[in-house]
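1. requesting a structural model of the entry that follows:
(one chain, ligands or ions: 1)
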Amino acid sequence: MFVRGELEKIEVKVLSGKRLSREDGEKLFSCNELSWLGALADYVRKKICGDRVYYNVNCHVNLTNICRARCKFCAFGRDGDSKGSYAMTIDDAIKLVNEASRDPHLSGLHIVSGLHPTWTFEKYLAFVEILHRKFPALHIKGFTGVEIQHFADISGLSVEEILRKLKAAGLETIAGGGAEILSDRVRNLLCPKKATADQWLNVARTAHKLGIKTNASMLYGHIETLPERVEHLIRLRELQDETGGFQTFICFPFLPKNTALEKEIKQTSMWDDLKTIAISRLMLDNFQNIKAYWVMLTVPVAQVALSFGANDIDGTIHRENILHDAGATSPRALTEDQIIKIIREAGRVPFATGGNT
Ligand code: SF4
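-> Down below sits the predicted model:
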């Protein structure tokens, strides 16, 4: 390849399958050799997972946007008396999934919601039980580490007991959100009312122990430093070494519109997005799947990200709400044919996952 000095040493390490250090990660974030980074990440992607790109035909179910945490980076969560706040009934959720089920390929539900100040854990659990009973063929991926910790806090049950009950009700995998940046400095400033970094990791560790796979994510491009991004990736990599229970990592670029940070922070550039995906692939050497989430990245950037280390492009979604509240300019849904075309155009092989990634 075409680099010299410190970067060349990193390249040699990657090509010989050696693990990158914290210092290597920081050097990568300070370098601007984007095409080199992309080629290196693409080399690793091909070695680990070949040319398949995963996607799923899924439906997002956001039970409520009423949330007691009111994180500064979130445009979705609201107070109960705010304009646009809502809380679904069981019938609303069934109606939404019935509508999405008109697509005969629908294979999964993705359930994430606000931390409703008066709902009990049993109420959230009932949604899972009933949706699983009515739609037994659909894979239920639901709740983030933040929601699971919230259920433990409001119920007095342990995280393990919460997870056992959700699993018995039909939950199969856990969503990757809520990790944000695994740094107490960042969390205290942006989201002090929800799970700490250690609590989020503990939920993932406990789930893995129970045989429940989880995803992991990173919300970047707000107040975090580049060393904090590296620290975040290393904490995930360490837990993956310990449990092997993460199935997919997703990079979420921060979308500032309609958030409390709108006036202070500009949206990330495509350059930063592609660089962050490529570095994630290189640092997370024990993760099989790196997802380019088209809703946040936009479809064109997600497609290019398939050459920067990503091997998953998420799903059809049916109707996205959370990120469109934050000004996402991508469509609210894609058809399966559109996703297949995006993947094939990138020279890769589409592979439907059955709703679990
Ligand atoms: S990110 Fe989640 S926990 Fe935070 S305000 Fe939004 S919905 Fe609530």
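2. how close does the residue of the stretch 151-300 of the chain found nearest the ligand get to Met218?
-> In the stretch 151-300 of the chain, no residue comes nearer to the ligand than Lys194, which is 5.0 Å away by C-beta to the nearest ligand atom. (Glycine included, C-beta is placed from N, CA and C.) Distance of Lys194 to Met218, given as C-beta to C-beta, to the nearest Å: 16 Å.
3. which bits of the stretch 101-250 of the chain sit near the ligand?
-> Applying C-beta under 6 Å from any ligand atom, we find that the stretch 101-250 of the chain lies next to the ligand at Gly114, Leu115, Val146, Cys191, Lys194.
4. hmm, try it at 8 Å
-> 112-115, 144, 146-147, 150, 177-178, 180, 191, 193-194 (C-beta under 8 Å from any ligand atom).
5. so among the residues you listed, which ones count as buried?
-> Neighbour counting over these (16 or more other C-beta atoms under 10 Å) leaves 112-115, 144, 146-147, 150, 177-178, 180, 191, 194 as the buried ones.
6. quick check: the farthest pair among those?
-> Largest separation among those by C-beta to C-beta: Ser113 and Glu180, giving 16.7 Å.
7. leaving out chain neighbours, which residue sits closest to the residue in the stretch 201-350 of the chain positioned nearest to the ligand?
-> Residue nearest to the ligand within the stretch 201-350 of the chain: Ile322 (7.4 Å; C-beta to the nearest ligand atom). Leaving aside its chain neighbours, Ile322 sits nearest to Phe76 (4.3 Å; criterion: C-beta to C-beta, 6 or more residues apart in numbering).
8. these two touch, right, the one you found and Ser113?
-> No: between Phe76 and Ser113 there is no contact under C-beta atoms under 8 Å: 9.3 Å.
9. joint contacts of those two?
-> Asn62, Asn65 (C-beta atoms under 8 Å, 6 or more residues apart in numbering).
10. okay if I get the residues of the stretch 101-250 of the chain next to the ligand as a markdown table plus pLDDT, secondary structure and distance to Lys9?
-> What follows is those, written out as a markdown table (pLDDT from 0 to 100; DSSP: H, G, I helix; E, B strand; the rest coil; distance: C-beta to C-beta, whole Å):
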| residue | pLDDT | secondary structure | distance to Lys9 |
| --- | --- | --- | --- |
| Val112 | 97 | coil | 41 |
| Ser113 | 97 | coil | 46 |
| Gly114 | 98 | coil | 46 |
| Leu115 | 98 | coil | 45 |
| Thr144 | 98 | coil | 37 |
| Val146 | 98 | helix | 38 |
| Glu147 | 98 | helix | 42 |
| His150 | 98 | helix | 44 |
| Gly177 | 97 | coil | 35 |
| Gly178 | 97 | coil | 35 |
| Glu180 | 98 | coil | 32 |
| Cys191 | 97 | coil | 37 |
| Lys193 | 97 | coil | 43 |
| Lys194 | 97 | coil | 40 |
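11. nearest to Gln288, of these?
-> Taking those together and measuring to Gln288 by C-beta to C-beta, the closest member is Gly177, at 19.2 Å.
12. contacting residues for the closest one?
-> Per C-beta under 8 Å, 6+ apart, neighbours of Gly177: Val112, Thr144, Val146, Ser217, Phe252.
13. repeat that for Arg133.
-> So Arg133 contacts Gly170 (C-beta under 8 Å, 6+ apart).
14. what's the separation between the closest residue to the ligand within the stretch 101-250 of the chain and Ile250?
-> Evaluated by C-beta to the nearest ligand atom, the stretch 101-250 of the chain has Gly114 as its residue closest to the ligand, separated by 4.2 Å. Going from Gly114 to Ile250 by C-beta to C-beta gives 20 Å.
15. Ile290 belongs to a strand?
-> Yes: the assignment for Ile290 is a strand, going by DSSP: H, G, I helix; E, B strand; the rest coil.
16. look at it and report its pLDDT.
-> Model confidence at Ile290, given as pLDDT, is 97.
17. what do you get for Met1?
-> 59.
18. next: Arg319.
-> pLDDT, Arg319: 78.
19. for it, give me its contacts.
-> Cys59, His60, Leu96, Arg332, Ala333 are the contacts of Arg319 under C-beta under 8 Å, 6+ apart.
20. now Ser330
-> Contacts for Ser330 (C-beta under 8 Å, 6+ apart) come out as Trp294, Val295, Met296, Leu297, Thr298, Val299, Glu320.
21. swap in 7 Å and give it another go.
-> Trp294, Val295, Thr298, Val299 (C-beta atoms under 7 Å, 6 or more residues apart in numbering).
22. same question, Leu109
-> Neighbours of Leu109 in contact, by C-beta under 7 Å, 6+ apart: Asn58, Cys59, Val61, Val97, Leu131, Leu138, Ile140, Lys141.
23. about what we covered before: enumerate every residue touching the residue of the stretch 101-250 of the chain closest to the ligand.
-> Residues counted as contacts of Gly114 (C-beta under 7 Å, 6+ apart) are Thr64, Asn65, Ile66, Cys67, Gly77.
24. specify which member of those is nearest to Ile340.
-> Nearest to Ile340 among the contacts of Gly114, with distances taken as C-beta to C-beta, is Asn65, at 31.5 Å.
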